[in-house]
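J.: Mind looking at a prediction? Sequence and model below.
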Amino acid sequence: MKRDRGFTLIEVLVALAIVAVGMAAVMRTLTSSADTVFYLRDKTFAQWVALNQIANLRLSGQVPAVGNSDGDIDYAGRKWHWREEVVASEVPGIERIDVKVRPSDLKVADEDSGWYTTASGIYGDAIAAPRGDTPDWGSQLLMPALPGGGTTPNAAVPGTIGSQGATGPQSPLGSPGGIGSQGTIGSPGTLGSPDPGTSTGSSDPGSSDPDPGQ
């Protein structure tokens with residue numbers, strides 16, 4: 001009686017070894033992707049911590065002292081360590097601020113390594129007060145209201161750029177004082193107009209009519 005041949009123990013072990021190698025490669029890829037996502041998340045949080053540190057320094061209104069300082073802060077459920085370096089610039093009253101941030105629980109070999117991000121900012125006390133003569137550019141967008149409600153399209157506010165208050169009323173074509181109006185070429189009393197006693201064929205007795213006595 002003939003029996004059907006199945007898988008031997010060696011074939012099963014070889015198949016299991018191949019599957020194990022493939023699963024190990026997949027797990028390494030997934031672990032690397034997860035680590036990259038976590039690192040980018042922490043790097044983003046570190047950037048925000050550095051920017052917040054610069055913003056708080058500016059809002060304090062106090063001129064930072066030139067030198068280095070550090071501290072710890074809790075943010076996004078984690079403790080972060082920051083180091084601030086203030087350097088005087090060549091412009092009097094202007095200082096540069098560099099803030100480095102890293103996780104507080106990160107094991108580093110030395111103090112200058114392991115930083116996740118570095119943010120830079122400028123602090124200065126040489127800013128003049130507003131003089132009040134800066135034009136209000138936003139007022140040009142306002143439009144006067146019509147008597148019946150609504151606004152006039154494409155109408156400038158009096159006294160701003162493009163309004164009649166800046167250049168004076170302009171006369172359109174054909175209006176008094178414009179092209180083709182009275183007092184210009186083609187109007188009565190100029191070239192081509194009937195002037196009694198001057199033009200040929202006029203009705204002036206004794207100028208161009210034949211004399212009955214001659």
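T.: Thanks, I have the structure now.

J.: check which helix or strand covers Leu13.
T.: Per DSSP states H and E, Leu13 falls inside helix 9-60.

J.: same for the helix or strand that that helix is followed by, what does it pack against?
T.: As assigned by DSSP H and E, the chain's next helix or strand after helix 9-60 is strand 67-75. Counting contacts by 3 or more C-beta pairs under 8 Å, 6 or more residues apart in numbering; DSSP states H and E, strand 67-75 packs against helix 9-60, strand 78-88. In this view, the C-beta of every residue, glycine as well, is placed from N, C-alpha and C.

J.: Can you show me the CA trace of stretch 46-64 as CSV?
T.: The C-alpha trace of stretch 46-64 is given here as CSV (Å, rounded to 0.1, in the frame of the first residue of the first chain):
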residue,chain,number,x,y,z
ALA,A,46,12.5,71.3,21.6
GLN,A,47,12.1,73.9,18.9
TRP,A,48,9.0,75.2,20.6
VAL,A,49,10.7,75.3,23.9
ALA,A,50,13.6,77.4,22.5
LEU,A,51,11.2,79.8,20.7
ASN,A,52,9.2,80.2,23.9
GLN,A,53,12.3,81.0,25.9
ILE,A,54,13.3,83.8,23.4
ALA,A,55,9.7,85.2,23.4
ASN,A,56,9.6,85.2,27.3
LEU,A,57,12.9,87.1,27.3
ARG,A,58,11.7,89.7,24.9
LEU,A,59,8.4,90.2,26.8
SER,A,60,10.2,90.6,30.1
GLY,A,61,11.4,94.0,29.0
GLN,A,62,14.8,93.5,30.7
VAL,A,63,18.0,93.6,28.7
PRO,A,64,19.7,90.2,29.0
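
J.: coming back round to it: compare the helices and strands packed on strand 67-75 and report which one is nearest to Leu106.
T.: strand 78-88 (8.0 Å; C-beta to C-beta).

J.: Pull the closest one out as PDB, backbone CA atoms only.
T.: The C-alpha coordinates for strand 78-88 follow below in PDB (Å, rounded to 0.1, in the frame of the first residue of the first chain):
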ATOM      1  CA  ARG A  78       8.500  65.900  29.600                       C
ATOM      2  CA  LYS A  79      11.400  67.800  31.200                       C
ATOM      3  CA  TRP A  80      13.700  69.700  28.900                       C
ATOM      4  CA  HIS A  81      17.100  71.300  29.600                       C
ATOM      5  CA  TRP A  82      17.900  74.600  27.800                       C
ATOM      6  CA  ARG A  83      21.100  76.700  27.600                       C
ATOM      7  CA  GLU A  84      21.000  80.300  26.600                       C
ATOM      8  CA  GLU A  85      23.900  82.300  25.200                       C
ATOM      9  CA  VAL A  86      23.800  86.100  24.800                       C
ATOM     10  CA  VAL A  87      26.400  87.700  22.600                       C
ATOM     11  CA  ALA A  88      26.800  91.500  22.000                       C
END
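
J.: I'd like to check the angle between the following helix or strand past that strand and helix 9-60, please.
T.: Proceeding N to C from strand 78-88, the next assigned helix or strand is strand 94-103, under DSSP H and E. Relative orientation of strand 94-103 versus helix 9-60 (axes from the mean of the first three to the mean of the last three C-alpha atoms, to 10 degrees): 150 degrees.
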